[in-house]
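[1] Requesting a structural model of the entry that follows:
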Amino acid sequence: MNHLTSDAADEAANSQNDAADLKGEKSEDVVVQYVVLRRDVIETWPLGSVVTQGCHASVSAVWANKEDPDTLQYCSPENIDSMHKVTLEVKGEAQLLNLSEKLSAGGIAHKLWIEQPENIPTCLATKPYPKSIVALFFKKLKLCK
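    Numbering: from 1, shown residues only. Prediction:
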């Protein structure tokens, strides 16, 4: 299992970009969507239900921002088969709500998915953004494993 934090994943991506720069290639600011799941939900709900929660948040965030230039690029025919998503985890509800507040305060469009009718915040997903714009908000989170 991969135990990299998003920090380590960012460093690996930056190393690849640095190598491309040394070769004279232009490194690209990839458009990425972040999905954040709750570890306590992962451990207590069936896997399919957890995956469904992430899918709900992801689709909702894309649809709500369907006219946004980054979303249009992310979903374009040229890019549809090479989408970039990063799936991270937080410990529980309090951490998820805190992250959502920080994203809102930072002007980062996202969908906090609240499962109904139970009214349980289960996950969140950002709209697609260039990684350089949103990566810092997720730096301390672990990759979901």
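[2] which stretches of this protein form helices?
    6-22, 39-44, 47-64, 69-74, 93-105, 131-134 (DSSP state H).
[3] can you tell me the average pLDDT over the first one?
    Regarding helix 6-22, the rounded mean pLDDT is 43.
[4] In TSV, list the helices of the chain along with mean neighbour count.
    All C-beta atoms are positioned from the backbone trio N, CA, C, and that covers glycine. Converted to TSV, these look like this (neighbours: other C-beta atoms under 10 Å):
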stretch	mean neighbour count
helix 6-22	13
helix 39-44	15
helix 47-64	17
helix 69-74	16
helix 93-105	15
helix 131-134	16
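[5] Burial check on Gly106, number of neighbours?
    Neighbours of Gly106 under the rule other C-beta atoms under 10 Å: 11.
[6] roughly how far apart are the nearest residue to Val90 once chain neighbours are set aside and Asp68?
    Sequence neighbours aside, Leu96 is the residue nearest to Val90 in space, at 5.2 Å (criterion: C-beta to C-beta, 6 or more residues apart in numbering). Computed as C-beta to C-beta, to the nearest Å, the Leu96 to Asp68 distance reads 23 Å.
[7] Would you mind listing the residues in contact with the most centrally placed residue in the chain?
    Among the residues of the chain, the one closest to the centroid is Tyr34, at 0.6 Å (C-alpha atoms, centre = their mean). For Tyr34, the contact set (C-beta atoms under 8 Å, 6 or more residues apart in numbering) comprises 85-88, 125-126, 134, 137-138.
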